[in-house]
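K.L.:
fold the following for me, if possible:
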Amino acid sequence: MDIKTAICDDEHNQAEYNKMLINKWADENNISAAVDMFESAENFKSARREGKNYDYDEYMGIFSVVFQDFKLFAFPLGQNVAASVDVDSDRAKQCLNMAGFGERLADTPNGLNTSLYKDFEEDGVEISGGEAQKIAIARALYKDAPFIVLDEPTAALDPIAEFEISGK
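P.N.:
Purely as a prediction, here's the structure:
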């Protein structure tokens, strides 16, 4: 897993600077996806109407994003990390460890097959806001995109966990 660049929103508006950096990287790597922020596919529809030819799938493939307001599902932990029913167990464990969830993973009753929440499984586990944020970060790492965009990624973490993740 080779992470090239992580972009964090540190509560200061750096969007224009980040767009410039990403566009420069895309140009240097012959990627046709120019960035007009990552709000929606509407940007691409508009660009196509203007005669620009951006590849939406290519664009989506270069970013992995953790928003401050993210969702986890009442599915097994591994599927939450992979965002798929097909899970590479070793990769999912590596990503969870990198995100600081390794000790908690070891304490779960069924490892990656442990269901989050009790919505569908009586033996599902409840997780804290900080643990959920670590799983969301692991999901971003699992995608293995060249850019990871983090919107206040440690907002729900205690100061010690924030320091540990920032150091990785």
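
K.L.:
ok, so what distance separates Asp144 from Gly102?
P.N.:
For Asp144, the distance to Gly102 (C-beta to C-beta, to the nearest Å) stands at 19 Å. Where C-beta positions appear, they are placed from N, C-alpha and C, glycine not excepted.

K.L.:
do Tyr142 as well
P.N.:
With distances taken as C-beta to C-beta, Tyr142 is found 14 Å from Gly102.

K.L.:
likewise Ser115?
P.N.:
For Ser115, the distance to Gly102 equals 19 Å [C-beta to C-beta].

K.L.:
tell me the SS of Glu103?
P.N.:
Three-state assignment for Glu103 (DSSP: H, G, I helix; E, B strand; the rest coil): helix.

K.L.:
my error: substitute Leu150 in the last question.
P.N.:
Three-state assignment for Leu150 (three-state DSSP): strand.

K.L.:
list the beta-bridge partners for it.
P.N.:
Here Leu150 shows beta-bridge partners Cys8, Val66, assigned using DSSP bridges.

K.L.:
any idea how many residues pack against it?
P.N.:
Leu150: 20 surrounding residues under other C-beta atoms under 10 Å.

K.L.:
so after whatever helix or strand Ser64 lives in, what's the next helix or strand?
P.N.:
For Ser64, the element it lies in under DSSP states H and E is strand 63-66. Using DSSP H and E, the helix or strand that follows strand 63-66 towards the C-terminus is helix 77-82.

K.L.:
tell me the secondary structure for Ala132?
P.N.:
Using three-state DSSP as the criterion, the local structure at Ala132 reads helix.

K.L.:
any idea how far it is from Gln68?
P.N.:
Ala132 is 12 Å from Gln68, where distance means C-beta to C-beta.

K.L.:
which one's more surrounded, these two?
P.N.:
With neighbours defined as other C-beta under 10 Å, Ala132 and Gln68 compare such that Ala132 has more, 17 against 14.

K.L.:
return the per-residue confidence for Gly130.
P.N.:
pLDDT recorded at Gly130 is 86.

K.L.:
that one: neighbour count?
P.N.:
The burial count for Gly130: 18, using other C-beta under 10 Å.

K.L.:
what does the one 10 residues further on give?
P.N.:
Neighbour count of Ala140, defined by other C-beta under 10 Å: 25.

K.L.:
please renumber so the chain begins at 7
P.N.:
All right, first residue 7 from here; so that's Ala146.

K.L.:
in a strand, it, correct?
P.N.:
No - Ala146: not assigned to a strand; according to three-state DSSP it is helix.
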